[in-house]
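**Student:** just coords:
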């Protein structure tokens, strides 16, 4: 019983591609390699001498124009189909040594395939699922980005998302990472790999831009405009980037102080009170609000209302105050909201005691 698995012919375009770019392909299909097969003493039957140079070269071209994985599959299926019998090349019987010489198959590669067959594997080793171990550069970049996001990002109140300041870009973040890694004499992850790691490992960390972004501070807008839209000398650009770094550090310090006061108020509510006051976006508080606007209603004047929220962290409560344009939106509104909230908190404390 004899068995063989036919090799699929490849196109001239694939052959030219491998000839132009594959050094190993050129070596295996060269005249010297083909001539060497004819002089190979494989067995007493001299299997290789029954083929011509053109036939040997054709077999090698068909084999070496395949990808590495396709070659593994061919070797695996050929040896499994043949079993203990001889193999076939172009319909003629050959021994294993002659079959190996015909295609230029390496000893180690053939040994690995035979080892899998001995284990009764159903697929060659290239088809087995492999666990990709992250590199040291990948893990260092991920750790650096986690620390950077923890220091400079701000959690969104309505969803599990962390926004970095709007005055930076992904390229600026990568440049900062690269600079710190070079200073620490560590290997740097490539830019595309860094962005891919960011997208996969930390998808909730985003830069606050576009639709849904919160209001931005004036320094952030000014620095973003200058760095993104103007061609500047290197020394001036470096000076602005340094100012941006100091500005972001100040934001980080203020944020840390804010969370520190929240922690103090929650741990010792009898000593400390932590409040935060903010106004709602005015564009969303014009009344009446319709689900759809007609042309007649579009030009009509709407009554502007204002909503001020005061959150007491140690109580876990939020106090809401509404007011109209009859009151001027200045510090008096903030002071009144603060006095009202403190009065309400005192009443709550008195009722609890």
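**Tutor:** Right, received. Where do you want to start? Computed from a prediction, not measured in an experiment: that's the story for all the values here. Residues are numbered from 1 along each chain as shown.

**Student:** Can you tell me the element the closest residue to residue 327 other than its chain neighbours falls in?
**Tutor:** Leaving aside its sequence neighbours, residue 327 sits nearest to residue 333 (C-beta to C-beta, 6 or more residues apart in numbering; 6.2 Å). Using the backbone N, CA and C atoms, a C-beta is placed for each residue, glycine as well. Secondary structure from DSSP states H and E places residue 333 in helix 331-352.

**Student:** got a list of contacts for stretch 274-286?
**Tutor:** Residues outside stretch 274-286 that contact it (C-beta atoms under 8 Å, 6 or more residues apart in numbering) are 258, 261-262, 264-266, 302-314, 329, 334, 337-338, 341.

**Student:** Among those residues, name the ones in strands.
**Tutor:** Using DSSP state E, the subset of the contacts of stretch 274-286 located in strands is 303-312.

**Student:** Reformat these as a markdown table; add distance to residue 250 and pLDDT.
**Tutor:** Below are these laid out as a markdown table (distance: C-beta to C-beta, whole Å; pLDDT from 0 to 100):
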| residue | distance to residue 250 | pLDDT |
| --- | --- | --- |
| 303 | 39 | 82 |
| 304 | 33 | 84 |
| 305 | 34 | 86 |
| 306 | 29 | 88 |
| 307 | 29 | 91 |
| 308 | 26 | 91 |
| 309 | 25 | 92 |
| 310 | 25 | 93 |
| 311 | 23 | 92 |
| 312 | 26 | 92 |
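
**Student:** Any of those buried? List them.
**Tutor:** With neighbours counted by 16 or more other C-beta atoms under 10 Å, the ones in strands among the contacts of stretch 274-286 contain buried members at 306, 308, 310-312.

**Student:** Can you list the low-confidence ranges for this structure?
**Tutor:** Where the chain drops to pLDDT under 70, the residues are 1-21, 83-85, 121-131, 210-215, 298, 353.

**Student:** Do a quick rundown of the strands in it.
**Tutor:** 87-89, 92-94, 154-155, 162-164, 205-207, 275-279, 286-287, 303-312, 317-324.

**Student:** got a markdown table for these, with distance to residue 137 too?
**Tutor:** Below are these laid out as a markdown table (distance: least, C-beta to C-beta, whole Å):
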| stretch | distance to residue 137 |
| --- | --- |
| strand 87-89 | 45 |
| strand 92-94 | 48 |
| strand 154-155 | 28 |
| strand 162-164 | 22 |
| strand 205-207 | 19 |
| strand 275-279 | 40 |
| strand 286-287 | 52 |
| strand 303-312 | 42 |
| strand 317-324 | 45 |
